[in-house]
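A.B. asks: Okay, sequence plus prediction incoming.
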Amino acid sequence: MKCRQNGFTLLELMVVVAIIAVIMTIIMSIMANAFKANNRTTAMSKVNDNGSYALEQIRRYYLSQSVCDTNALTVSSDFILQLVNGGTGETMSLTKKDEVLVKGSLSAVCADGALNVGFTLSTGENKSVDYKSEKSFKTTVVLRN
């Protein structure tokens, strides 16, 4: 009479553990890539939102002015884009301090009744590559006389 034992052999258990480990590695890799893509998208969204807002405020301000004063646009020591109202002296921040920085220089040139403005915004300078984003913004505002 032969005695049959129930259960799994050590080899069978090791194969199952190896298969589970491979599947978990694949799943973790997919999740890590999804988180990285989310971080890049969030960073680009911050740059786009701040840049679009700044361009719209610049356009509105200069459309309401009768003269082209390029001194109204400045970059603060914190690398924040600012608009200084010449009439009131009030300063309005066009970019958010903790989100994006003006990278490089701001260009504002008046020519032929139009203002040409250009600047570059970046975010995540002190973070890993996954959190960094940079974009240049340019616009032309035809002044009303």
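C.D. replies: Perfect, thanks for sending it.

A.B. asks: partners of residue 140 in the sheet?
C.D. replies: Residue 140 forms beta bridges with residue 116, as assigned by DSSP bridges.

A.B. asks: That one and residue 116, how far apart?
C.D. replies: 5 Å (Cβ to Cβ, to the nearest Å). C-betas here are computed from N, CA, C, even on glycine.

A.B. asks: Residue 54 now?
C.D. replies: As judged by Cβ to Cβ, residue 54 and residue 116 stand 15 Å apart.

A.B. asks: Using the three-state scheme, assign residue 66.
C.D. replies: The three-state assignment at residue 66 reads coil, by DSSP: H, G, I helix; E, B strand; the rest coil.

A.B. asks: Quick check on it: phi, psi?
C.D. replies: Note on residue 66: backbone dihedrals following degrees, to the nearest 10 are phi -100, psi -10.

A.B. asks: Tell me which of residue 140 and residue 116 has more neighbours.
C.D. replies: Shown here are residue 140 and residue 116; by other Cβ atoms under 10 Å, residue 116 has more neighbours (15 against 12).
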